[in-house]
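Chemist: this one's structure only:
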Ligand code: AMP
């Protein structure tokens, strides 16, 4: 399998959380806390690499941050004043330790550790070329492509080698790297994935979201900009912009689902945005009802906004058990179904005899909605109206949010009426794409130059999908094969 399709035993696209700190005595402990705050971005595995001025130390393990880094001994062994960490998220069946990041390599110049949030769209083609040149891959992550490009670059300094490598890759990436000298942060030229800079006791911090700064009491400084490389070392923070300027296309789905609601992402408050999305949804898709109930947790802020705008009571009519991972993360269909049952319970006292508006952020395969609607009906709802706080998810993401192939996306395969019948609701309505942009503070979607990457809703992919165009099989295909 590895010989024919190197990424088949795992997937190469993943939404993840990254964290880095330079210049703090407790680097590893802070990295563990930062990763814990970013746990929502990936729950399958976590890793931390530290540098103590002489040696690198690392600990990588499958499972949650608290399970793997809660033990003081593990943190004690991760000595050093600099650390980077990574949370991994994937939906494929197999997550193997060799794929857990940060990846680490020994170069002539010293150690090089790297963690990646995003997805490279020409990784397969590059990997094939590198293998042809004799590179021996240790993992099936697209991140390792960057490691080999850095290793084989003809430039002399690590920074020049990294720039050389990144000029060859396409796709979405927010990276953190740690060398003997520096902590490095990079965002791709379109700035698809987030990365922020913070400060604590004179130490610099890089993190996927501001909530990872809050947990350690660090101050938010600014975002790493699209196409920017920040280099942090004993001389402070330096910034370079070696790439051609590109239109910025930050992922709009971060606001809808992925980012934590207490984060400020790209200068925008995620929680307030979700409430505005809910209000916009209420204006666009009115329905006579008695109560607004969110699908927790992702539907909660939008439901608050919806209820306020519609003048309806908001009730937590569905309770989520927080000790079960995100449903979607479960790799196999039957487990996904079981996951939804394990995860939610309806409070019949709030639902019985009522006309209910259910709010969720999105429908992917329809598994969650189908189960929740059934549950709400069993709890005695008179009518169930589903309102979705995003436009229909009709296209797969190739930039780091794992979505299935189009033929598994409910909205790509069915009309609105068909979906309503399948989910068994009295009515179903989605937010329009212009409504979404209005909630983001824009006049609407500018189809010439959209301000965000909204490919999952529009099919407008801002970055070339080279591996796809070359007929390379995709990670989603490998996932399908596994499910099949
Ligand atoms: P599904 O059950 O397949 O329709 O998935 C929809 C549910 O998964 C919604 O409740 C969303 O909150 C959540 N969701 C949407 N996109 C993702 C994603 N990329 N990863 C994990 N969960 C997601």
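Modeler: Structure's in. What do you need? Since this is a predicted model, take the numbers as computed values, not measurements.
Chemist: C-alpha from now on. contacts and neighbour counts both.
Modeler: Fine.
Chemist: and the protein, which residues reach the ligand?
Modeler: Within reach of the ligand by C-alpha under 6 Å from any ligand atom, the chain has these residues: 298, 328-329, 360-368, 401-403.
Chemist: What about the residues you listed, which are in strands?
Modeler: Counting by DSSP state E, the residues of the chain next to the ligand place residue 360 in strands.
Chemist: from the residues of the chain next to the ligand, which single one is nearest residue 242?
Modeler: residue 401 (26.1 Å; C-alpha to C-alpha).
Chemist: Show me what residue of the stretch 101-250 of the chain gets nearest to the ligand.
Modeler: Of the residues in the stretch 101-250 of the chain, the one nearest the ligand is residue 118, at a distance of 12.4 Å by C-alpha to the nearest ligand atom.
Chemist: Name the residues of the longest helix anywhere in the chain that are buried.
Modeler: The helix of greatest length in the chain, counted in residues with DSSP state H as the criterion, is given as helix 270-284. Going by neighbour count (16 or more other C-alpha atoms under 10 Å), the buried part of helix 270-284 is 270-282.
Chemist: Any stretches of the chain with poor pLDDT?
Modeler: Within the chain, the segments meeting pLDDT under 70 span 1-14, 90-95, 325-341, 472-484.
Chemist: can you give me the helices for the stretch 351-484 of the chain?
Modeler: For the stretch 351-484 of the chain, helices defined by DSSP state H, counting those that start in this stretch occupy the ranges 367-378, 410-413, 416-423, 433-439, 455-458, 466-469, 475-483.
Chemist: Show me what the longest strand seen in the chain is packed against.
Modeler: Of all the elements of type strand in the chain, the one with the most residues (DSSP E) is strand 110-120. If contacts are counted by 3 or more C-alpha pairs under 8 Å, 6 or more residues apart in numbering; DSSP states H and E, strand 110-120 sits against strand 17-22, strand 82-88, strand 103-107, helix 143-152, strand 171-179.
Chemist: ok, now with 10 Å
Modeler: Applying 3 or more C-alpha pairs under 10 Å, 6 or more residues apart in numbering; DSSP states H and E, one finds that strand 110-120 makes contact with strand 17-22, strand 45-51, strand 56-62, strand 82-88, strand 103-107, helix 143-152, strand 171-179, strand 183-187.
Chemist: Quick check: which of these is nearest to residue 163?
Modeler: From the helices and strands packed on strand 110-120, taking C-alpha to C-alpha, the stretch that ends up closest is helix 143-152, at 8.4 Å.
Chemist: Which SSE is immediately downstream of that closest one?
Modeler: Following the chain from helix 143-152 toward its C-terminal end, the next helix or strand by DSSP states H and E is helix 158-166.
Chemist: and residue 420, how many neighbours?
Modeler: As a burial measure, residue 420 scores 18 neighbours (other C-alpha atoms under 10 Å).
Chemist: wait, doesn't residue 220 sit right on residue 214?
Modeler: Yes - with the criterion set as C-alpha atoms under 10 Å, residue 220 and residue 214 qualify as a contacting pair; they are 8.4 Å apart.
Chemist: neighbour count winner among the two?
Modeler: Comparing residue 220 with residue 214 by other C-alpha under 10 Å, the one with more neighbours is residue 220, at 20 against 16.
Chemist: contacting residues for that one?
Modeler: 196-200, 205-206, 209-214, 264 (C-alpha atoms under 10 Å, 6 or more residues apart in numbering).
Chemist: The same query, at a cut-off of 7 Å, please.
Modeler: Contacts for residue 220 (C-alpha atoms under 7 Å, 6 or more residues apart in numbering) come out as 197-199, 210, 213.
Chemist: what packs against the helix or strand hosting residue 293?
Modeler: Assignment of secondary structure by DSSP H and E places residue 293 within strand 291-294. Counting contacts by 3 or more C-alpha pairs under 7 Å, 6 or more residues apart in numbering; DSSP states H and E, the secondary-structure elements packed against strand 291-294 are helix 300-310, strand 355-360.
Chemist: and the first one, how far from the chain's centre?
Modeler: Right, helix 300-310. The chain centroid and the centroid of helix 300-310 are separated by 24 Å under C-alpha atoms, centre = their mean, to the nearest Å.
Chemist: Which elements pack onto the next helix or strand after that helix?
Modeler: Using DSSP H and E, the helix or strand that directly follows helix 300-310 along the chain is strand 318-320. Applying 3+ C-alpha pairs under 7 Å, 6+ apart, one finds that strand 318-320 contacts strand 344-346.
Chemist: Please enumerate residues in contact with the strand it packs on?
Modeler: By C-alpha under 7 Å, 6+ apart, the list of residues contacting strand 344-346 from outside reads 317-321, 375-376, 379.
Chemist: Is it possible to get CSV of these that adds distance to residue 429 and neighbour count?
Modeler: Listed next are the contacts of strand 344-346 as CSV, based on distance: C-alpha to C-alpha, whole Å; neighbours: other C-alpha atoms under 10 Å:
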residue, distance to residue 429, neighbour count
317, 20, 23
318, 20, 23
319, 23, 15
320, 24, 18
321, 27, 13
375, 20, 19
376, 18, 24
379, 22, 20
